[in-house]
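# sequence and predicted model, in that order:
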There are 2 protein chains.
Amino acid sequence: MAAKQQARQTQKSAVRAENERAILAAAEEVFAESGFRGATTGMIAERAGLPKANLHYYFPTKEALYRKVVEHIFNIWLDAANSFDENDDPVEALTAYISKKMDISRAHPMGSKVWANEILHKAPVIQDYLETTLRSWTSSRVAVIDRWVAEGRIAPVNGEYLLYLIWATTQHYADFNHQIDTLNGDAPLSDAQFEEAKQTVVRIVLAGIGAVPATAGGEGREA
Amino acid sequence: MAAKQQARQTQKSAVRAENERAILAAAEEVFAESGFRGATTGMIAERAGLPKANLHYYFPTKEALYRKVVEHIFNIWLDAANSFDENDDPVEALTAYISKKMDISRAHPMGSKVWANEILHKAPVIQDYLETTLRSWTSSRVAVIDRWVAEGRIAPVNGEYLLYLIWATTQHYADFNHQIDTLNGDAPLSDAQFEEAKQTVVRIVLAGIGAVPATAGGEGREA
DNA sequence: GCTCGATTTGACCATTTGGTCAGGTTTTCT
DNA sequence: AGAAAACCTGACCAAATGGTCAAATCGAGC
């Protein structure tokens, strides 16, 4: 029982953890569907299955809740960012990075939408992240791309604009999934379709910058 | 003066035309910055320089005003769509289309943001456009791409996913311009930078699908 | 200068919504 | 068991907001 007490003091109680999880999950959906202003704490509470006053017991203000949601998204993004560095070979690195970002768009479309909404509205909540973490991550990766160019491993390309193309395209499958579904006959992309989309993005990017896959590579998925 | 009277009856009076124009311009900005729910008719009226009650004299409801704004965006989009068909050569057609879409992102970032917001929130207002105009335009252009593939003018590629990549990337320069500006040292892209971004997108896409520019072409910018 | 429709606007209202609070219940610890 | 802490919630409130309206003003034609 000493362990139990220890648990209560170091980590959150089980009920608190569960309620916060439910609220954050509901909030991510509602914020994604309706934006910050469009979302109401009442809607979030209802979807989380508890009264509004209870929600405000755990998260004092709507903005505090929103900030937590956005931070969650950002951490997922950072996770994907690491896959860029797992290999120094441009083909391997970009394939892994694009694949990971596509997977995130499929697994967490709501999170991506919240992020998009935030940027669209000039990032009132996460401007500091943009100016610190995102900026430093980006410039260091651009340096990697520049090195690839200098070493002749890819064709000359501006690193920033290459990254923007990758971000835009991969996140499009989350942010604009409603449009994609509509053009797909009102049906979400099947696993096979999504896999083809992913391969299409990877192939266009790699070929687009003249990154020739090593013929002996383990990721030999060229059609 | 008969002409003046005629004018009042056939077209809107000058004051009406001017007020509607000012309101629509203000509405596009405010809806882009704050979303539908986040925007208030008071904010729009203030930016247009007239009292809220006057705004409601011209546009009875916030939703009617919003619909007008979205329709305006959609017409700009249709305009760009035509540039896809001006030439049957894949290099020419795609270069023109991408360039046009990039130019629109630079000239009408607010409009693009309103569109993005609308899709993000499942297109409550323009779902019918998606299912009619956008769907038919897309499928006919996919047919063109398929033909290019069949004729061996470009490498095999899924037309839908190629279009999504183009849409995503070009619109990213409008929808995410705040993020881009932040990564650019809190400054908007200069004309030269934007031109380089445009060329980067064009080059990656063309190379990505193996569309070899005619060596005699005027766009010969291969490094 | 009078009329009539178009335009303008301050004041107002009903509804929504973020957030509070007092009092109650449950859980945890000794 | 009993106290303390954590948790729960119906009722409530102040502010914001979309939209209304009646009265005032303007402008063109007679």
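Sure thing, it's come through. Residues are numbered from 1 along each chain as shown, chains lettered A, B, ... in the order given.
# right, and the helix or strand after the helix or strand of chain A with the lowest mean pLDDT?
Within chain A, no helix or strand scores below helix A:2-10, which has a mean of 39 by mean pLDDT, DSSP states H and E. With elements assigned by DSSP states H and E, the helix or strand that comes after helix A:2-10 is helix A:14-38.
# tilt between that next one and helix B:14-38?
Here helix A:14-38 points in a direction 170 degrees away from that of helix B:14-38 (axes from the mean of the first three to the mean of the last three Cα atoms, to 10 degrees).
# contact partners of helix A:14-38?
Counting contacts by Cβ atoms under 8 Å, 6 or more residues apart in numbering or on different chains, the residues outside helix A:14-38 that touch it are A:11-12, A:39-40, A:43-45, A:47-50, A:54-55, A:58-59, A:62, A:65-66, A:68-69, A:72-73, A:109-111, A:113-114, A:117, A:121, B:34-38, B:117, B:120-122. In short, each C-beta sits where N, CA and C put it, glycine included.
# which of those fall in helices?
Residues of the contacts of helix A:14-38 located in helices (DSSP state H): A:43-45, A:47-48, A:54-55, A:58, A:62, A:65-66, A:68-69, A:72-73, A:109-111, A:113-114, A:117, B:34-38, B:117, B:120.
# which of those residues are close to DNA strand D?
A:54, A:58 (Cβ under 7 Å from any atom of the strand).
# which strand or helix spans A:Gln193?
Assigned by DSSP H and E, A:Gln193 belongs to helix A:191-208.
# that helix packs against which elements?
The contact analysis (3 or more Cβ pairs under 8 Å, 6 or more residues apart in numbering or on different chains; DSSP states H and E) places helix A:191-208 against helix A:90-107, helix A:159-175, helix B:159-175, helix B:191-208.
# which residue ranges make up the domains of chain A?
Annotated domains of chain A cover A:8-60, A:69-208 [automatic domain parsing].
# buried deepest among these, which one?
Sort those by mean neighbour count, taking mean count of other Cβ atoms under 10 Å in any protein chain shown, and domain A:69-208 sits at the top with a mean of 19.
# quick one: average pLDDT of that domain?
Averaging pLDDT along domain A:69-208 gives 96.
# for A:His108, phi and psi?
Dihedral angles of A:His108 (phi, psi; degrees, to the nearest 10) stand at phi -130, psi 60.
# need the contact list for the residue nearest to A:Ala143 when sequence neighbours are not counted.
Setting aside the residues directly before and after it, A:Ala143 is nearest to A:Gly159 in space (Cβ to Cβ, 6 or more residues apart in numbering or on different chains), at 7.7 Å. A:Gly159 sits next to A:141-146 when contact means Cβ under 8 Å, 6+ apart.
# same question for A:Pro60.
No residues are in contact with A:Pro60 under the rule Cβ under 8 Å, 6+ apart.
# spatially central residue for chain A, please.
What sits nearest the mean C-alpha location of chain A, by Cα atoms, centre = their mean, is A:Trp77, with 4.4 Å.
# is it true that it touches A:Ala116?
No: taking Cβ atoms under 8 Å as the definition, A:Trp77 is not a contact partner of A:Ala116, at 11.9 Å.
# can you classify A:Val157 by secondary structure?
Of the three states, A:Val157 takes coil under DSSP: H, G, I helix; E, B strand; the rest coil.
# wait, doesn't it sit right on B:Val202?
No: contact between A:Val157 and B:Val202 fails when scored by Cβ under 8 Å: they sit 12.0 Å apart.
# gap between the residue nearest to A:Asn87 when sequence neighbours are not counted and A:Ala32?
Leaving aside its sequence neighbours, A:Asn87 sits nearest to A:Ala93 (Cβ to Cβ, 6+ apart; 5.0 Å). A:Ala93 sits 30 Å away from A:Ala32, going by Cβ to Cβ, to the nearest Å.
# one step back: tell me the contacts of the residue nearest to the centre of chain A?
Here A:Trp77 is in contact with A:104, A:115 (Cβ under 8 Å, 6+ apart).
# look up how far A:Asp181 lies from it.
The gap separating A:Trp77 from A:Asp181 is 23 Å, by Cβ to Cβ.
# same deal with A:Ser112?
Counting by Cβ to Cβ, the gap from A:Ser112 to A:Asp181 is 15 Å.
# quick check on A:Pro155: phi, psi?
Not quite, residue A:155 is Ala, not Pro. As for A:Ala155, its main-chain torsions (degrees, to the nearest 10) stand at phi -70, psi 160.
# how is the closest residue to it other than its chain neighbours assigned, secondary-structure-wise?
Excluding the flanking residues, the one nearest A:Ala155 by Cβ to Cβ, 6+ apart is A:Gly210, at 3.7 Å. Counting by three-state DSSP, the backbone at A:Gly210 sits in coil.
# likewise for A:Gly185?
A:Gly185 ends up coil, using three-state DSSP.
# give the contact list for A:Thr133.
A:Thr133 is in contact with A:74, A:78, counting by Cβ under 8 Å, 6+ apart.
# hang on, A:Asn48 packs against A:Leu55?
No, residue A:48 isn't Asn; it's Ala. Yes: contact criterion Cβ under 8 Å: A:Ala48 and A:Leu55 qualify, at 6.8 Å.
# Serialize the helices and strands packed on helix A:191-208 to JSON lines and add fields for distance to DNA strand C.
Output for the helices and strands packed on helix A:191-208, formatted as JSON lines (distance: least, Cβ to the nearest atom of the strand, whole Å):
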{"stretch": "helix A:90-107", "distance to DNA strand C": "27"}
{"stretch": "helix A:159-175", "distance to DNA strand C": "23"}
{"stretch": "helix B:159-175", "distance to DNA strand C": "24"}
{"stretch": "helix B:191-208", "distance to DNA strand C": "38"}
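# contact partners for A:Val149?
A:155-157.
# so which of the residues you listed are also by DNA strand C?
Among these, no residue is within reach of DNA strand C (Cβ under 7 Å from any atom of the strand).
# and of the residues you listed, the nearest to B:Ser136?
The shortest approach to B:Ser136 among these belongs to A:Val157, at 35.1 Å (Cβ to Cβ).
# measure the nearest residue to A:Tyr173 once chain neighbours are set aside to B:Asp103 for me?
Using Cβ to Cβ, 6+ apart and skipping the chain neighbours, the partner closest in space to A:Tyr173 is A:Ser105 (4.3 Å). The spacing between A:Ser105 and B:Asp103, counted by Cβ to Cβ, is 27 Å.
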